[in-house]
Structure formats: C-alpha cells, structure tokens
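Can you look at this prediction? I've put the sequence above it.
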Amino acid sequence: MNIFVELIVSVFRMSVTLLSAWSKIFYRRTERKCLEGEVVAIAGCSSDICRFMSLDFAKLGSTVVLLDATKTDDDDTAEQIKQLGGKVHSYAVDVTKKEDVYRVAKQVTEEVGDVSILINNVELTSGQSFLDTTDHALRRTVDVNTMAVVWTLKAFLPSMILNNHGHIVTIGSILGVEGSVDYCTSNAAALSIHDAVSCELIIQNAHGVHSTLVQLGATNTNRRNVKLSEGMDVQYISDKIINAIQTNQEILTIPSYMNWILFCKSWMPPAASSLLQSHMGIVPVTRTA
C-alpha cells in the first residue's frame, strides 16, 4: 500500500512540474526584473555577441566585468561602455587555468563586489574533422569551452548561493549536435554541466539563483569559428538573451525552429540527421583565425 501511495504522489508531483514547465514555455512572464546595480561577469568578451551584451547591460545600469585573455578587445569594449557613461571593469584572465580564474574572482569581489550574473560563451572550435584535428587543438577546445565553465562557476556561484541571488548563463550552439568533433564534445559537456548545476540549485533550495541555457543557430559575426548559411543580427541575439535573463527563462534557442533539430536528433539515424541539418543550412567550416 505504501508503495502505491508513493507512486501516486510521485506521479502527481511530476505532473505539477511538467505543467509548470509547459506554462513557462507557452505563457511567458511579461514582467522583467531590473538589472540596474547587478554585477555582470562576462567570460569570452572577444566575441561580438558578448561585446553587444556588455554594452546592453551597461545601458541597463549594470556594472560590467569583462573577463578575457585578450586585453585589447576588453579595452575597446570598456572604452565604448565608458563613453555611454556605464560602469565597467576589465580583467585579463586565462579561463583555462583555475588558479588564474580564482585569483581574478577574488580580485573582482574585493574591487567590484559579488558577481550576481555570470555569462559563459562556448565558441571555440578548430572547424576540422576529428582525424585532422591536432591533439593540442582538441585539448585547447575542451579547456576553453568546458573547463572554463567549470572554473568560473566554482569561482562565482558560491556567493550567489550565499546571497540567494544570481543568474548563470551558458551560451552554446546548436552546432553541438552536428559539426566539428572537438566543438560537439566540449559544447555538449558545457551544456550538461549547466543542466547539472541548475538541478543542484533546485535541490539546494537556492530559488533566488536562476539559470538560462542559450543554444544558438546562425549568427552574423566574423569572430565565430563556425557558421550557418544564413545568419541573424548579433544585436537581436543580445536582446533575446537579456530578455531571457530578465524573465528567468530557463532555455532559449535562437532561432526557435532549431528545436526541431534537437527533437529529430533524438530518433533519426545519423545519415538522416546530417541530411536534415544540411538542408537547414548548417555548414561546419575550417578555422581561419
């Protein structure tokens, strides 16, 4: 009898959870949380997407913290934010080295304050086939796309949980389901880490810490090492991501019809899946940078 009761309770809880999740998909909340005063750490500022997001966060009154190994790109973005009258701090950090990440995270906390929004952008790939990718390139891609997510989360997430206030964002790509092996591997790992951490936040009752998983399709940017045959405006992508943060949207796929690729991937044989993605314009290309 106890087993039967537990089964009924479990089915009821699962139904409530599913209805709640579906309601978030079909009935988006219209109220948006204010981002003024938030401390936003953005890792991977050399990408056009993160540069646009940095400017948009500054316009909304957030304090922007730029984290990137390429100081030149950070300085250019920081200068643009200052011209807008925004608050910005720039730090040179090798996100593949945990000691460097932890050192800079401590420095950010002391000089700026607790980071309340963390954005990781998974974008590095060799753009080559598996056997053509060198061991060094493969390892570098995994370090940048996967381990950097681990180190930055471990560095900045504790204060969010302590304050019960924060938001983590992981920006990946739909190309993670088909394309360069190094990118597929690292992208899938980064997204899985994001999902696992999001589940832990729920288990730990850290209801004030939210998460958003972004899966991108085409982008009109010359800094990504993979592309699709048709791209979207980067400003549009930035607007959608910031809106997702303001409304606590858990999953954002851009464009939304790309969800069909994920659905078809789950049951189609590899040959059919590759053909579908080819028709939809997914074109892995060789890295030129």
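Thanks, I have it. Numbers count the residues shown, from 1 in each chain.

now the helices for this protein?
Across the chain, reading from the start of the chain, the helices by DSSP state H fall at 2-26, 48-59, 71-83, 98-111, 135-142, 148-163, 181-203, 234-246, 259-265, 270-279.

Same list (those helices) but as CSV, adding distance to residue 91 and mean neighbour count.
(C-beta placed from N, C-alpha, C; glycine too.) Written out in CSV, the entries for the helices of the chain read as follows (distance: least, CB to CB, whole Å; neighbours: other CB atoms under 10 Å):
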stretch, distance to residue 91, mean neighbour count
helix 2-26, 35, 10
helix 48-59, 13, 22
helix 71-83, 8, 16
helix 98-111, 5, 15
helix 135-142, 21, 16
helix 148-163, 12, 20
helix 181-203, 21, 18
helix 234-246, 21, 19
helix 259-265, 35, 14
helix 270-279, 38, 13
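
now these as JSON lines including mean pLDDT?
Output for the helices of the chain, formatted as JSON lines (pLDDT from 0 to 100):
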{"stretch": "helix 2-26", "mean pLDDT": "66"}
{"stretch": "helix 48-59", "mean pLDDT": "92"}
{"stretch": "helix 71-83", "mean pLDDT": "79"}
{"stretch": "helix 98-111", "mean pLDDT": "96"}
{"stretch": "helix 135-142", "mean pLDDT": "88"}
{"stretch": "helix 148-163", "mean pLDDT": "96"}
{"stretch": "helix 181-203", "mean pLDDT": "91"}
{"stretch": "helix 234-246", "mean pLDDT": "93"}
{"stretch": "helix 259-265", "mean pLDDT": "67"}
{"stretch": "helix 270-279", "mean pLDDT": "66"}
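
Tabulate those helices in TSV, adding columns for distance to residue 213.
TSV is the format used below for the helices of the chain (distance: least, CB to CB, whole Å):
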stretch	distance to residue 213
helix 2-26	13
helix 48-59	15
helix 71-83	24
helix 98-111	21
helix 135-142	19
helix 148-163	11
helix 181-203	5
helix 234-246	9
helix 259-265	12
helix 270-279	20
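
right, and these - which one's nearest residue 252?
Between residue 252 and these, the shortest gap by CB to CB is with helix 234-246, which sits at 4.4 Å.
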